[in-house]
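Chemist: dropping the sequence and predicted coords here.
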Amino acid sequence: MTKFIFQRVSQAVIIVCMITITVFIILRFSAGDPARIKAPVFARADVIEQYRRDFGTDRPVFEQLSTFVTNAVSGDLGVSFRYQAPVADLIWDTLPKTLALAGTALLISVSIAILLGSLAAQRPKSVWAVIASTVAIFGQSAPVFWTGSILVLIFAVTLGWLPAVGYTGFSSLILPAFAVMLSILPTQLRILRAAMERALEDEYIRTARAFGISNMRIVFVYALKNAFLPLLTVIGLDAGYLLGGVIVAEVVFAFPGIGELALIALNSRDFPLIQGITIVSASIFVIVNLIVDLLYTALDPRIKLEKT
């Protein structure tokens, strides 16, 4: 176990470092000059040059990279060009809201996938199977911005049940969470349904039925434990998608999360803020996948971590 965790953490550190360096170099060579964006429209050349000195972009690229990596190791992600505030503070102010949004969407999606997928797997020609197919097709074809706009129109504008934009508490999570949830539900639903159909045909399920064990216990205890393994893999992949996919939802709902912050940083060529968001997002993704690997062994003891 310790060896496995050490290997995964070492790989995670290498991956995060490679992503950070790649993004740093791409931004410096292709993203434009933040000094010209920050300076007034008709600013003189000496004013623009002063902005470059203030931002530190007048130095050689590799010197900037060396300074950034050295500071990042100590927890200093720099100062935002746009906000003139520490990048770490800006991220920690918005990250909890994004994690709450992504976590709520993931929780709702997994719950629906398990319930609806299990019912559809038991009765392939029932109304549950039709509902599962319809939900999967709708979620696969409807983009987040369209779903979000429809939800706002119905539940915020017409009915007035929920807030349309901003963040005022848990009620502000519901509409954006459902919009994001519908984009990840189809894959989870199809995977769980197919895995459940295979599990229900195994010999141990027939044996359980012969012993008179209730159908609910067979499905949601014995079969689900094996059927959940493929879904767990998808959840790990969805974690990466959610960190980027919530950007659209945050823009539609004017949700003050890290996705909206990243969009503002990109538009203003705020290099330190973009790099800080990249490091944090990549770190969260690799941590989630490490947790998924550990959960595999809890659900299936046949998997040996040392051989992974």
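Modeler: Sure thing, it's come through.

Chemist: hey, let's count contacts and neighbours off CA atoms from now on
Modeler: Fine.

Chemist: so which elements touch the helix or strand Arg190 falls within?
Modeler: Using DSSP states H and E, Arg190 sits within helix 171-199. Counting contacts by 3 or more C-alpha pairs under 8 Å, 6 or more residues apart in numbering; DSSP states H and E, helix 171-199 packs against helix 87-122, helix 127-141, helix 144-151, helix 224-252.

Chemist: which residues of the stretch 201-308 of the chain fall in helices?
Modeler: Secondary structure of the stretch 201-308 of the chain (DSSP state H, counting those that start in this stretch): helices located at 203-210, 215-217, 224-252, 258-267, 271-299.

Chemist: out of those, which gets nearest to Lys97?
Modeler: Among the helices of the stretch 201-308 of the chain, the nearest to Lys97 by C-alpha to C-alpha is helix 258-267 (7.8 Å).

Chemist: and the average pLDDT for that closest one is what?
Modeler: Helix 258-267 carries an average pLDDT of 84.

Chemist: quick one, that helix and helix 271-299 angle?
Modeler: Angle between the axes of helix 258-267 and helix 271-299 is 150 degrees (criterion: axes from the mean of the first three to the mean of the last three C-alpha atoms, to 10 degrees).

Chemist: dump the helices and strands packed on helix 171-199 into CSV; add distance to Leu263 and mean pLDDT as well.
Modeler: CSV is the format used below for these (distance: least, C-alpha to C-alpha, whole Å; pLDDT from 0 to 100):
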stretch, distance to Leu263, mean pLDDT
helix 87-122, 13, 89
helix 127-141, 24, 87
helix 144-151, 15, 87
helix 224-252, 8, 81
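
Chemist: for my notes, please list those in a markdown table and give distance to Ser183 and mean neighbour count for each entry.
Modeler: Formatted as a markdown table, the helices and strands packed on helix 171-199 follow (distance: least, C-alpha to C-alpha, whole Å; neighbours: other C-alpha atoms under 10 Å):
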| stretch | distance to Ser183 | mean neighbour count |
| --- | --- | --- |
| helix 87-122 | 9 | 19 |
| helix 127-141 | 5 | 16 |
| helix 144-151 | 7 | 19 |
| helix 224-252 | 9 | 20 |
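
Chemist: could I get the ones you listed as TSV with distance to Ile274?
Modeler: What follows is the helices and strands packed on helix 171-199, written out as TSV (distance: least, C-alpha to C-alpha, whole Å):
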stretch	distance to Ile274
helix 87-122	9
helix 127-141	30
helix 144-151	23
helix 224-252	13
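
Chemist: figure out which of those helices is closest to Ser172.
Modeler: Short answer: helix 87-122, nearest of the helices and strands packed on helix 171-199 by C-alpha to C-alpha, at 9.3 Å.

Chemist: before we move on, the earlier item: buried residues in the helix holding Arg190?
Modeler: For helix 171-199, burial by neighbour count (16 or more other C-alpha atoms under 10 Å) applies to 172-197, 199.

Chemist: quick check: angle from that helix to helix 127-141?
Modeler: Helix 171-199 runs at 120 degrees relative to helix 127-141, counting by the same axes, to 10 degrees.

Chemist: roughly how far out does helix 171-199 sit from the chain middle?
Modeler: Computed by C-alpha atoms, centre = their mean, to the nearest Å, the separation of helix 171-199 from the middle of its chain amounts to 14 Å.

Chemist: good, wrapping up.
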